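Visitor: Quick one, fold the following:
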Amino acid sequence: MLARQRQAAILDRVRTTGGVRVTELAAEFGVSDMTIRRDLETLHEQGLLAKVHGGATVPGPSSTDEPGFHAKSVRQLTEKAAIAGRAAELVRPGAAVALSAGTTTAELARRLVGVPGLTVVTNSLPVAEILHAQGRTDQTVVLTGGVRTPSDALVGPLAVEAIRSLHLDLLFLGVHGITERAGFTTPNLMEAETDRALVAAADRLVVLADHTKWGTVGISSIVGLSAADVLVTDDRMAPEARRVLDEKVGELVVVASPGRATTEGTAR
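Guide: Got it, this is the predicted structure:
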């Protein structure tokens, strides 16, 4: 195999799985580790992948890059729908739950409109609008207040102060990025503080994150991976990411995206 062909195959693998290891690629292509490292360096210099210790991942955005709600709402639609559908099964009538800002939590809100007796606390304008539009008299929606971010989250001291006096059964947390070292992250410093207040107020933390969040790092960590009681993701999450998450989070739930052959499962 020519170097260019091998590099094309490596790039395809990174884009499919989210990350690769030097040792695995060397064994697969029958070349030395040094040859693979040169291939990765070439692809890195072209901006096609990001080199990391022992391998490479897809290139991530800036740690302070914060896409707007609308921009994010058109990404990974099938995965978010599958994740939200599974997360909704965790909610019981009469519960007090919190939904953080995010497009996946907004998708979850659409599935909670039929659950009777809910009290929903949120710092997300879209989530509040979705629930309020149904006009259910047996549901209570609490909007925290605060300063609005590009992702339509309400954050800052007003939001934090409102959350601190609450006691919640469940928090469904949407995140910008996930790595083993940084944990669950966001590109907005004030949003991280608000999310930490939500985590502290809830008995259980359920993180909702599609496969694209792995390897992305926001400027501020919310909590470490071990803080999550449950993480719900889709079946395109890279095997290495699944291994790390299975070791760190309380329960890893992997759901099948519509149209894929794999079936929903729980890692443990």
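Visitor: residue contacts, residue 107?
Guide: Going by CB atoms under 8 Å, 6 or more residues apart in numbering, residue 107 touches 80-81, 83-84. C-beta coordinates here come from the backbone N, C-alpha and C atoms, glycine included.
Visitor: Could you look up the SS state of it?
Guide: Each residue gets one of three states, and residue 107 gets helix by DSSP: H, G, I helix; E, B strand; the rest coil.
Visitor: Of the contacts of residue 107, which pair is most distant in space?
Guide: Of all pairs drawn from those, the greatest distance, 7.4 Å, lies between 81 and 83 (CB to CB).
Visitor: Who has more neighbours out of the two?
Guide: Using other CB atoms under 10 Å, the more surrounded residue of residue 81 and residue 83 is residue 83, with 27 against 19.
Visitor: Find the helix or strand that the more buried one is a member of.
Guide: helix 77-88 (DSSP states H and E).
Visitor: I'd like the average pLDDT over that helix.
Guide: Regarding helix 77-88, the rounded mean pLDDT is 93.
Visitor: that older thread, looking at the contacts of residue 107, which is nearest residue 162?
Guide: residue 84 (24.9 Å).
Visitor: and the closest one, how many neighbours?
Guide: Residue 84: 23 neighbours (other CB under 10 Å).
Visitor: just checking, it touches residue 99?
Guide: No. The pair residue 84 / residue 99 is not scored as a contact, 10.4 Å apart, by CB atoms under 8 Å.
Visitor: Need the contacts of residue 107 in a markdown table (columns: distance to residue 219).
Guide: What follows is the contacts of residue 107, written out as a markdown table (distance: CB to CB, whole Å):
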| residue | distance to residue 219 |
| --- | --- |
| 80 | 23 |
| 81 | 29 |
| 83 | 24 |
| 84 | 27 |
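Visitor: Tell me the one of the residues you listed nearest residue 181?
Guide: Among the contacts of residue 107, and counting by CB to CB, the member closest to residue 181 is residue 83, at 23.7 Å.
Visitor: how much space between the closest residue to residue 145 other than its chain neighbours and residue 197?
Guide: Nearest non-adjacent residue to residue 145, counting by CB to CB, 6 or more residues apart in numbering: residue 158, 4.8 Å away. To residue 197, residue 158 is 11 Å away according to CB to CB, to the nearest Å.
Visitor: These two: which has the busier surroundings?
Guide: For the pair residue 158 and residue 197, the greater number of neighbours falls to residue 197 (21 against 15), based on other CB under 10 Å.
Visitor: Just list the residues touching that one, thanks.
Guide: Contacts of residue 197 by CB under 8 Å, 6+ apart are 159-160, 163-164.
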